[in-house]
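Q: here's a sequence, model it:
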Amino acid sequence: MPWLDGRAARLEATRHVAVIGGGLAGLAAATVLAERGARVTLLERDGHLGGRAGAWSDQLRDGTRFEMERGFHAFFRQYYNLRQLLRRVDPQLGFLSATTDYPILTPTGNESFAGLRHSPLRNVATLTWRTETLGLRDLVKVNVPAAMEMLRFERGSTYARFDPQTAGAYLDSLRFPPLARQRLLHVFAHSCFNPQADMSAAELLQMMHFYFTANHDGLVFDVANRPFSSCIFTPLGKLLERQGVVLRTGVSARALVRRDGDWVVDTDRDSVTADAVVLATDVPGVKSLVAASPTLDDTAWRAAVDTLRVTNAFAVWRLWLDRPVAAGRAQFAGTAGVGPLDNISVFELLEDESRDWAARTGGSVVELHAYALPSGAADTDALRRELLAGLHTLYPETAGARIIEERFLLRQDCPAFAPGSHAVRPETATPWRGLALAGDFVKLPFPTALMERAAAAGFLAASTLLDAWDVSPEPLWSVALRGPAAWKRPA
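A: Model (predicted):
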């Protein structure tokens, strides 16, 4: 049955699409393409689906099996496109549990983002009124025109004016007291793993817009009550297989070749010939593939891909402790003022596996994150000491706890959003019919970030291919495109 826009609901002729990458972007693209009748082959270099949000099986010394992940992920309410993908396997999103607060803990006091819901402007006023870090004298010193830019986001003008500037320089210009900056603004600057000194101020303003000033659901979020593998990626993989998608994990794509109107994907095992390709790997994967693919011969596009890079490394340290944390601790808390420690998660308050282990042993499963580590930071022993000191400062009951087991991950594969990078950042569309790009690094036409950016890019990449075949696209959802005071921007 044709859609209202006059395009077909499904492909009339068989089209074979190769999706390179089984993270959120690739899975989102594969889902939409399969639903529209495409024959899809998905190639994923790891042995499991999910990419940087994936999980893999592991085992403690006592024989307990568990799923290890690359760190806690928050499912914010305005992750509209990601939630549309997840509803394919759980229409009610029953694996998500609501939180009531997003606390920010520091040695000198805490902040709460609880009670912020349906009015972004009122939320700004509420936070300003109730924080102890902004007194009347402090408010008089604030650079009001600069602060108003948080409410004036508009993609074209914001990036034109602020993309050349660093996030750190913009935050300096606000003249916020150090404590207010630390507690209220630190979370936005570090949430996408980029250091303030090497992050675009426009990207920071977009994140503030997306997460706060254009978000009518507040800053609280939902959390997965089971490991991602069991509640998201295994069910999604089974759904795709029922739709005819061929899932090939443990296969690495090495190069793309344009040949007689087809696309040939050379892998470390064989080659796959397709009518179209969605390139949905991480930044290192995309750059490697393009560098090895001389038939992708558009000089400007290759140069744009070559500008992509990863940001500083991040660390995830999961600890199995021999005693519980104090009653009343948050499931997840952002932190500031305690060295490299950026947040603390208490996993028995989050998911069933850790809850069962804690109930059986009387212990606790705590995870510590450190984002945007200094370049060249190689002393992981020193980093662990600093993270543990931060945990002990904020959760002093853990100071006497014995670490029964641990898993430590240090990774550097998240996209950088450096000053000046927006203008040359590649989009989902490419110069070639039949090739689309997807991932949390692409330039999108609406505000978004992190997991939501990946899922939205995957939907848009699939729709880019479908548009060329005159098939109706996947609907995309967004927060308001402009800030609530964008119309008040000075000339």
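Q: count the neighbours of the nearest residue to residue 142 once chain neighbours are set aside for me.
A: For residue 142, ignoring the flanking residues on the chain, the nearest one in space by CB to CB, 6 or more residues apart in numbering is residue 175 at 5.6 Å. Every residue, glycine included, has its C-beta placed from N, CA and C. Per other CB atoms under 10 Å, the neighbour tally for residue 175 reads 15.
Q: ok, now residue 215?
A: With other CB under 10 Å as criterion, residue 215 counts 22.
Q: one step back: so the residue nearest to residue 142 sits against residue 141, correct?
A: Yes. With contact defined as CB atoms under 8 Å, residue 175 counts as touching residue 141 (5.3 Å).
Q: just how off-centre is the helix or strand where residue 42 lies within its chain?
A: Element membership of residue 42, judged by DSSP states H and E, is strand 39-44. Strand 39-44 sits 23 Å away from the centroid of its parent chain (CA atoms, centre = their mean, to the nearest Å).
Q: now do the end-to-end distance for stretch 71-86.
A: One end of stretch 71-86 sits 19 Å from the other (CA to CA, to the nearest Å).
Q: just stretch 326-333 next, same as before
A: Note: stretch 326-333 ends 14 Å apart using CA to CA.
Q: and that stretch, how far out from the chain's middle?
A: For stretch 326-333, the distance to the chain centre is 23 Å (CA atoms, centre = their mean).
Q: contacts only, for the closest residue in space to residue 168 that isn't next to it in sequence.
A: Excluding its sequence neighbours, the residue lying closest to residue 168 (CB to CB, 6+ apart) is residue 196, at 3.6 Å. The contact partners of residue 196, by CB atoms under 8 Å, 6 or more residues apart in numbering, come to 166, 167, 168, 171, 189, 204.
Q: any idea of the angle the lengthiest helix in the chain forms with strand 39-44?
A: Longest helix in the chain, counting residues (DSSP state H): helix 450-468. Angle, helix 450-468 to strand 39-44, by axes from the mean of the first three to the mean of the last three CA atoms, to 10 degrees: 150 degrees.
Q: how about the strands in the stretch 351-491 of the chain?
A: Per DSSP state E, counting those that start in this stretch, the stretch 351-491 of the chain carries strands over the ranges 364-370, 403-411, 435-437.
Q: turn those into a markdown table, columns for mean neighbour count and mean pLDDT.
A: Putting the strands of the stretch 351-491 of the chain into a markdown table (neighbours: other CB atoms under 10 Å; pLDDT from 0 to 100) gives the following:
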| stretch | mean neighbour count | mean pLDDT |
| --- | --- | --- |
| strand 364-370 | 24 | 97 |
| strand 403-411 | 15 | 97 |
| strand 435-437 | 26 | 98 |
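Q: what's the local residue count around the closest residue to residue 439 other than its chain neighbours?
A: Distances taken as CB to CB, 6+ apart place residue 25 nearest to residue 439, at 4.8 Å, with adjacent residues excluded. When neighbours are defined as other CB under 10 Å, residue 25 has 34 of them.
Q: can you tell me the element residue 25 falls in?
A: Counting by DSSP H and E, residue 25 is part of helix 24-35.
Q: which helices and strands sit right next to that helix?
A: With contacts taken as 3 or more CB pairs under 8 Å, 6 or more residues apart in numbering; DSSP states H and E, helix 24-35 sits against strand 16-20, strand 39-44, helix 80-86, helix 234-242, strand 276-279, helix 450-468.
Q: and residue 146, which of these is closest to it?
A: Closest to residue 146 of these, according to CB to CB: helix 450-468, at 25.2 Å.
Q: OK, contacts around the nearest residue to residue 387 once chain neighbours are set aside?
A: Nearest in space to residue 387, with sequence neighbours left out and distances taken as CB to CB, 6+ apart, is residue 368 at 4.7 Å. Residues in contact with residue 368 (CB under 8 Å, 6+ apart) are 315, 316, 317, 318, 319, 341, 343, 344, 387, 388, 390, 391.
Q: redo those residues as TSV? Include neighbour count and pLDDT.
A: What follows is these, written out as TSV (neighbours: other CB under 10 Å; pLDDT from 0 to 100):
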residue	neighbour count	pLDDT
315	22	96
316	20	97
317	23	98
318	22	98
319	23	98
341	26	96
343	23	95
344	27	97
387	23	98
388	18	98
390	23	98
391	23	98
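Q: tell me the one of those residues nearest residue 107?
A: Nearest to residue 107 out of the contacts of residue 368 is residue 390 (CB to CB; 9.0 Å).
Q: can you give me the distance of that closest one to residue 396?
A: 12 Å (CB to CB, to the nearest Å).
Q: also residue 477?
A: 43 Å.
Q: of the two, which one has the most company?
A: Shown here are residue 477 and residue 396; by other CB under 10 Å, residue 477 has more neighbours (16 against 10).
Q: need the pLDDT of the more buried one.
A: Listed pLDDT for residue 477 reads 96.
Q: phi first, then psi, for it.
A: When read as degrees, to the nearest 10, the backbone of residue 477 gives phi -120, psi 150.
Q: what's near enough to touch it?
A: Residue 477 neighbours (CB under 8 Å, 6+ apart): 80, 81, 84.
Q: and residue 455, what is it in contact with?
A: 24, 25, 28, 79, 81, 82, 84, 85.
Q: can you redo those residues as CSV with pLDDT and distance to residue 310?
A: Output for the contacts of residue 455, formatted as CSV (pLDDT from 0 to 100; distance: CB to CB, whole Å):
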residue, pLDDT, distance to residue 310
24, 98, 17
25, 98, 16
28, 98, 22
79, 97, 23
81, 98, 24
82, 98, 22
84, 98, 28
85, 98, 25
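Q: so which of those comes closest to residue 430?
A: residue 25 (14.6 Å).
Q: contacts only, for that closest one.
A: Residue 25 touches 51, 280, 438, 439, 440, 454, 455, 457, 458, 461, counting by CB under 8 Å, 6+ apart.
Q: count the neighbours of the second one for me.
A: Neighbours of residue 280 under the rule other CB under 10 Å: 34.
Q: give me phi/psi at it?
A: phi -130, psi 40.
Q: wait, is residue 89 part of a strand?
A: No. Checked against DSSP: H, G, I helix; E, B strand; the rest coil, residue 89 lies outside a strand; its state is coil.
Q: do you know how far it is from residue 383?
A: 37 Å.
Q: now residue 156
A: Taking CB to CB, one finds residue 156 at 40 Å from residue 383.
Q: quick one, which of those two is more surrounded?
A: Taking other CB under 10 Å, residue 156 and residue 383 do not tie; residue 383 has more neighbours (23 against 8).
Q: tell me the contacts of the more buried one?
A: Per CB under 8 Å, 6+ apart, neighbours of residue 383: 315, 340, 370, 373, 377.
Q: and if we set it to 10 Å?
A: Shown in contact with residue 383 (CB atoms under 10 Å, 6 or more residues apart in numbering): 313, 315, 317, 339-341, 368, 370, 373-374, 377, 408, 410.
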